[in-house]
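Q: Test case, fold it:
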Amino acid sequence: MSKKRIDWVAEYELGINDIDFQHHYFLDLINRLSDELGSVDNITYQSALISELNAYARFHFISEENIMGRANYPMLDEHKRHHLELIDQLTSKEARLQMDRSETRAKDIIDFLVEWFLKHTTHEDRLFSDYLQNKG
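A: The predicted structure follows:
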């Protein structure tokens, strides 16, 4: 499986230290998953990697939503819905990989995470950053 990595660029920085720190780690997990999902032939380890990413995503989303709530972000409910959709889609893709351990299924998870990270961070999370800057 060809590895799909995302290098951190300044465009991903929101200027919110806790969120930026967590986004760095989230990106590192996606890159590690990309590196190892296709090259490590240990089903238990692959499942553990996906579980780690899924658990970290849940933690990050709660943390981010708490920051947004504290700031009275008016689009918080919509943002929460985006987070729930990601968790649902990731869980579904994880289940499909468990049933069909193909390179296509593994690539599907990586492609989904990369696309989601890029879109969500640069658009949805940027809206919150802009809100804070305009509010402050």
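Q: Can you tell me the closest non-neighbouring residue to Leu132?
A: The shortest distance from Leu132 to any non-neighbouring residue, by CB to CB, 6 or more residues apart in numbering, is to Ala71 (6.1 Å). For glycine as for every other residue, the C-beta is placed from the backbone atoms N, C-alpha and C.
Q: so the one you found sits right up against Asp130, yeah?
A: No: using CB atoms under 8 Å, Ala71 is not in contact with Asp130, being 12.0 Å away.
Q: more crowded one of these two?
A: Looking at Ala71 and Asp130 with other CB atoms under 10 Å, you find the greater number of neighbours at Ala71, namely 15 against 12.
Q: mind pulling up the phi and psi values for the more buried one?
A: Dihedral angles of Ala71 (phi, psi; degrees, to the nearest 10) stand at phi -90, psi 0.
Q: contacting residues for it?
A: By CB atoms under 8 Å, 6 or more residues apart in numbering, the contact set of Ala71 is Phe128, Tyr131, Leu132, Lys135.
Q: repeat that for 10 Å
A: The neighbourhood of Ala71, defined by CB atoms under 10 Å, 6 or more residues apart in numbering, consists of Ile16, Phe128, Tyr131, Leu132, Lys135, Gly136.
Q: buried subset of those residues?
A: Burial by neighbour count, 16 or more other CB atoms under 10 Å: within the contacts of Ala71 this picks out Ile16, Phe128, Tyr131.
Q: which one of these is nearest His23?
A: Proximity of the buried ones among the contacts of Ala71 to His23 (CB to CB) peaks at Ile16, which lies at 9.4 Å.
Q: Done for today, thanks.
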